[in-house]
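Participant: prediction below, plus the sequence it came from.
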Amino acid sequence: MMPARSRFAAALCAAGFGMATLPVFAAPVDEDTAAVIQDLKRRIEALEQQLSAKAAQPAAEVAAPAAVAAVAPVVAAAAPVPAPAAVTNGGDFKLAWGGYIKSDFITSRYSDGAVAQSLGRDAYIPNSIPVAATGAENARTYTDLHAKETRLYLRGSGLMYGHKVAINAEFDFISGQLGQGIAGAPNEAVTNPYNPAFRLGYLDFDNFRIGQDWSTLQNMVALPDIVDLVNWPSEGTVFSRQPMIRYTYGPLAIALENSESTVATLGGNAFTVTDDNTVPDLVWRYTLKTAAWGDYTLSGVVRQIADRGTVVGGNDTSVGYGLSFAGKIPLWGHDDLRFTFSGGDGFGRYLALNTVGDAVVDASGKLRTVEVYNGFVAWRHPWNEQWRSNLALSALHANTGQIDEGSIFGPGVSRNVRSVTANLLYSPIPKITFGAEYRYARRDTVGNLSGDLSRLQFSARYNF
């Protein structure tokens, strides 16, 4: 008798190739093997007959396998497949991330006193200039290196279900600068740690913008090409990032923006944020763009000024307002002139980094709003595709004479601030810029105190 393994091999061969192939095997076929082969032949013939019968039926009448028939209703009920149109309308949204790496080398000379390591030494903040009486100079010089202006953003835009949608989230490492070292002092001895600060974050839905953005008062086209963190000449600009709801229709934008009041105590030198407002600021902007004459904006704000006991002796509300006109004028060749002129009453929070606030509490506890005017002019001149220069003149004036300054203002409140800035920028390739910038600034106060700043700044920046 043939071994079991040989009988099994012979059976497989017979099933795969038919009985006609059996003669190729030299081994004789015994009775058991023949029985296995005959059984396999009967099974194969039965399967062939079933397949032939199924093929003869119409396609619609062929029943699905039992397993598929049982599973299909469950899948359909648990996870309905959306229509192709819904997938197309909801999927056209693209995300991108980017920003820049920036390093600064800054040498600052203050004519009238010491300045602790702070944002005022990393960027130009007018009120950080120390002041003193004439002839009482106490000059100090500092050198600071940092990379805190480094910035990151995440942006997205597209059409979703027939609506225009966009998002923007932006952070840097200098805007919210607070001491991160021992006892709250900046730690530059070892690790130079700085936490990321939230700059911008908003959602655009068709004509609406909801979230935190630059104030509607500002004209971003008028932004000068300046090395300093505050790319505007600080004392001459409108500068505010805050939460808002903005609606834009063609050239007109109208917004309700976060309301805050900055109020000084009677005879005080600093303006305190009261956080007592109940009505949002109403801000509007109209934009005019022309091919030959440049881009311009006219914007304005009407707002509530409030102090309900936050500032000592105060419990009052008032109304503030202001206007701003800004633009970019093309000149000869590729040169252009950029400018902003602003002014108003109870408008100080929006101007020059709150150099002069909105109001002062008088002797009777009432709010006395302060008139503030400022502006700048910046000329940009490209020397060629890689080299360019900028020259900017900037000034601020607070009309403190409208109020009895001897009895209501502190001697350190700024009355006039002005600066001149010149730079040379070099971009060897489009994404990299090296810059050298010089700034001279002077601050005069209500109490006839004054001080100046001379600053030389070098920077290296890579955009990605």
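Facilitator: Looks like it arrived, so ask away. Numbers count the residues shown, from 1 in each chain.
Participant: shaky segments in this structure?
Facilitator: 1-37, 40, 47-48, 50-91, 136, 177-193, 404-406 (pLDDT under 70).
Participant: most centrally placed residue in it?
Facilitator: Taking C-alpha atoms, centre = their mean as the criterion, residue 170 is the residue nearest the geometric centre of the chain, at 2.7 Å.
Participant: what sits against that one?
Facilitator: 99, 151-154, 198-201 (C-beta atoms under 8 Å, 6 or more residues apart in numbering). For the C-beta atoms, the positions are set from N, CA and C on the backbone; glycine is no exception.
Participant: cool, residue 277 as well?
Facilitator: Per C-beta under 8 Å, 6+ apart, neighbours of residue 277: 259-261, 304, 306.
Participant: could you do residue 133 as well?
Facilitator: Neighbours of residue 133 in contact, by C-beta under 8 Å, 6+ apart: 448-449.
Participant: how near is it to residue 442?
Facilitator: 15 Å (C-beta to C-beta, to the nearest Å).
Participant: now do residue 379
Facilitator: Residue 379 is 21 Å from residue 442, by C-beta to C-beta.
Participant: what's the following helix or strand after whichever strand or helix holds the residue nearest to the centre of the chain?
Facilitator: Assigned by DSSP states H and E, residue 170 belongs to strand 163-172. Once the chain leaves strand 163-172, the next helix or strand it forms, by DSSP H and E, is strand 197-205.
Participant: number of residues surrounding the spatially closest residue to residue 317 that is not a sequence neighbour?
Facilitator: Take residue 317 and drop its neighbours on the chain: the residue closest to it by C-beta to C-beta, 6 or more residues apart in numbering is residue 306, 4.7 Å away. A total of 24 residues lie near residue 306 under the criterion other C-beta atoms under 10 Å.
Participant: for residue 402, same thing?
Facilitator: 12.
Participant: kindly state the beta-bridge partners for the residue lying closest to it once chain neighbours are set aside.
Facilitator: Nearest residue to residue 402 in three dimensions, chain neighbours excluded: residue 371, at 6.0 Å (C-beta to C-beta, 6+ apart). Assessed by DSSP bridges, residue 371 has beta-bridge partners residue 345.
Participant: let's verify residue 49: helix, strand, or coil?
Facilitator: helix (DSSP: H, G, I helix; E, B strand; the rest coil).
Participant: nope, residue 120 is what I meant
Facilitator: Once three-state DSSP is applied, residue 120 turns out helix.
Participant: what's the closest non-adjacent residue to it?
Facilitator: Here the residue nearest residue 120, using C-beta to C-beta, 6+ apart, is residue 128, at 2.8 Å.
Participant: how near is the one you found to residue 118?
Facilitator: 7 Å.
Participant: what about these two, which has more around it?
Facilitator: residue 128 (20 against 14).
Participant: didn't that one look like it was pressed against residue 122?
Facilitator: No - taking contacts as C-beta atoms under 8 Å, residue 128 lies outside contact range of residue 122: 10.1 Å.
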